[in-house]
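Asker: take this sequence and fold it.
(2 chains)
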Amino acid sequence: MLTTTIRESRVCGQPRNGASGDEAALLTRVAGKDNAAFEALYRAYYPRLRRFLERITRKPQIVEEILNDTMFVVWRKAASYNRNSQVSTWIFGIAFRRALKALKRNDEPVDFEPDACAEPEGGGPEVQFAQQETRASIARALAALSPDHRAVIELTCLEGYSCAEVAAIMRCPVNTVKTRMFHARRRLRMLLPDDRGEGE
Amino acid sequence: MSGQILKFDDSAHREADAVLPWYVNGTLAETEREAVERHVRECARCRREVEVLEQLRAVCAADEPEPDATPSYRRLATRIGRGRRWDLLERWRRSLRRWAEVPPWARWAIAVQFTFMLGLAAWVAAPDGDGPRYRTLGAPGAGSGARGALTVVFAPATPEVEFQRILEAAGARIVDGPTASHAYVLRVPEGRRDAALAALRAEPSVVLAQPLTAQPDR
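Answerer: Residues are numbered from 1 along each chain as shown, chains lettered A, B, ... in the order given. Model (predicted):
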């Protein structure tokens, strides 16, 4: 099944070049208003976009609205996809801009609970506790970054995009991505406990 | 020798450090990856940074429960099925809902601000019943003549006391000058211009006395 193929080809933090051909074919069918193709694309992107948007916006209550707005644009504008970039770069670019727009509209601070979606982990209670602590402190540090800085970290570390792809998604020069990454890492170093991020 | 120069100075470190996140996620081009790898082997700071980035990546990429896309997809499918007009209506409803979520004090503040802006715009756009508030001195009707202004040239050897006497006798005071041609602009009270002009012209020390009037448009 096509959905499964796309999902399996995507490993967190790994490049996804194998899926690009399938996705481009799928998008061509979406441009022809093929509902089944759109559903397959939606289901393939739903977990990735949801996680990306949750981390960028830190506002779970608006994530689905942004996600569906993004996919609605994909449905309407599929014919305008020009194959100059990967399908995922195109879709994430739409999602990123929609997220920034939504953040501008909803600029009220929202409390973030890093452990809210933590899963039970393997190992003894001490190991679980240590893993949760690590995850929580990194999540807290990520939450303290600006949306732009969070986006470069998420797109690079979670989605596994190259620097040029991140630049295409964020519609900025490659050097701007490097500068944002530099500042994001510096801020993370300051925010993380010394045993993880030591200062230079 | 391969011809490639390995630099271990600060600039080489900065170059490698800037792309470490993409070295860790495996998206660097082959030549760049090899260069960074060589640097990382030699640089303890970069090795430590790679560890931090790998840990960050592991946390970012940690398995999370796969969310169920079905309810969300159904909502979007319904939205698509209802067409573009319904979507515009839905966006309008969303905007109204967002407006309803704004605290009452903020809604009042926005309403007052909006009313003030409307009032200001209306005031600026309204025609001025008193005519223009700004006129140049040369404009018809605003001419210095109508306001009792005169231009006077005194004889070159006129002493200061004589100046004062002539001005007091004409009821005039100097408001400008001397100009390049040694002329002074005098102001006299409204309605006394002609009398002042006659008094000035009667003085032997006054070479020229003329009313300042606007030139009509040609």
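
Asker: from now on I want contacts and neighbour counts done on CA atoms only, so please keep to that.
Answerer: Fine.

Asker: scan the helices and strands of chain A for the one with the lowest mean pLDDT.
Answerer: Taking mean pLDDT, DSSP states H and E as the measure, helix A:2-9 is the helix or strand of chain A with the lowest mean score, a mean of 41.

Asker: so where do the strands sit in chain B?
Answerer: Ranges of strands within chain B are B:149-154, B:173-176, B:183-187, B:206-211, based on DSSP state E.

Asker: relative to A:C172, which of these is closest?
Answerer: A:C172 lies closest, by CA to CA, to one member of these: strand B:173-176, at 60.5 Å.

Asker: right, and the helix or strand after the least confident helix or strand of chain A?
Answerer: Next in sequence after helix A:2-9, counting helices and strands by DSSP states H and E, comes helix A:17-31.

Asker: following that next one, which helix or strand comes up?
Answerer: Downstream of helix A:17-31, the first helix or strand assigned by DSSP H and E is helix A:35-57.

Asker: distance check, A:N84 against B:A77.
Answerer: Note on A:N84: its distance to B:A77, by CA to CA, to the nearest Å, is 28 Å.

Asker: which one's more surrounded, these two?
Answerer: B:A77 (16 against 8; other CA atoms under 10 Å in any protein chain shown).

Asker: so for the more buried one, what's the pLDDT?
Answerer: For B:A77, the pLDDT comes out at 90.

Asker: same check on A:A116?
Answerer: The model's pLDDT for A:A116 equals 39.

Asker: likewise B:W92?
Answerer: pLDDT, read off for B:W92, is 82.

Asker: count of residues packed around it?
Answerer: B:W92 has 12 neighbours, counted by other CA under 10 Å.

Asker: got the angle between the longest helix along chain B and helix A:35-57?
Answerer: Counting by DSSP state H, the longest helix found in chain B is helix B:70-101. Relative orientation of helix B:70-101 versus helix A:35-57 (axes from the mean of the first three to the mean of the last three CA atoms, to 10 degrees): 50 degrees.

Asker: now helix B:70-101, how far from the centre of its chain.
Answerer: 38 Å (CA atoms, centre = their mean, to the nearest Å).

Asker: wondering if that helix reaches chain A at all.
Answerer: Yes. Using CA under 8 Å from any CA of the partner chain, helix B:70-101 reaches chain A at B:T70, B:S72, B:Y73, B:L76, B:I80.

Asker: spatially nearest residue to the residue nearest the centre of chain A (excluding sequence neighbours)?
Answerer: Closest residue to the average C-alpha location of chain A: A:F52 at 2.8 Å, with CA atoms, centre = their mean. With CA to CA, 6 or more residues apart in numbering or on different chains as the criterion, A:F52 has its nearest non-adjacent residue at 6.9 Å, and that residue is A:E154.

Asker: and the one you found, how far is that from A:N68?
Answerer: Distance from A:E154 to A:N68, by CA to CA: 20 Å.

Asker: likewise for A:I91?
Answerer: 12 Å.

Asker: okay, the two: which has more neighbours?
Answerer: A count of neighbours by other CA under 10 Å puts A:N68 above the other of A:I91 and A:N68, at 22 against 19.

Asker: show me what contacts the more buried one?
Answerer: Residues near A:N68 by CA atoms under 8 Å, 6 or more residues apart in numbering or on different chains: B:S72, B:Y73, B:L76.

Asker: show the end-to-end separation of stretch B:174-191, please.
Answerer: Stretch B:174-191: ends 17 Å apart by CA to CA.

Asker: correct me if wrong: A:G160 contacts B:Y23.
Answerer: No. Between A:G160 and B:Y23 there is no contact under CA atoms under 8 Å: 10.5 Å.

Asker: nearest to chain A, out of the contacts of A:N68: which one, please.
Answerer: Comparing the contacts of A:N68 against chain A with CA to the nearest CA places B:L76 closest, at 6.1 Å.

Asker: contacts only, for that closest one.
Answerer: B:L76 neighbours (CA under 8 Å, 6+ apart): A:N68, A:F72.

Asker: try A:L191
Answerer: Shown in contact with A:L191 (CA under 8 Å, 6+ apart): A:A141.

Asker: how near is it to chain B?
Answerer: Taking CA to the nearest CA, to the nearest Å as the measure, A:L191 and chain B are separated by 13 Å.

Asker: what's the per-residue pLDDT of that residue here?
Answerer: At A:L191, the pLDDT value in this model is 85.

Asker: can you give me the neighbour number for B:R57?
Answerer: Neighbours of B:R57 (other CA under 10 Å): 23.

Asker: what does B:E49 give?
Answerer: Residues near B:E49, counting by other CA under 10 Å: 24.

Asker: likewise A:R50?
Answerer: 20.

Asker: wait, it touches A:I62, no?
Answerer: No. Between A:R50 and A:I62 there is no contact under CA under 8 Å: 10.5 Å.
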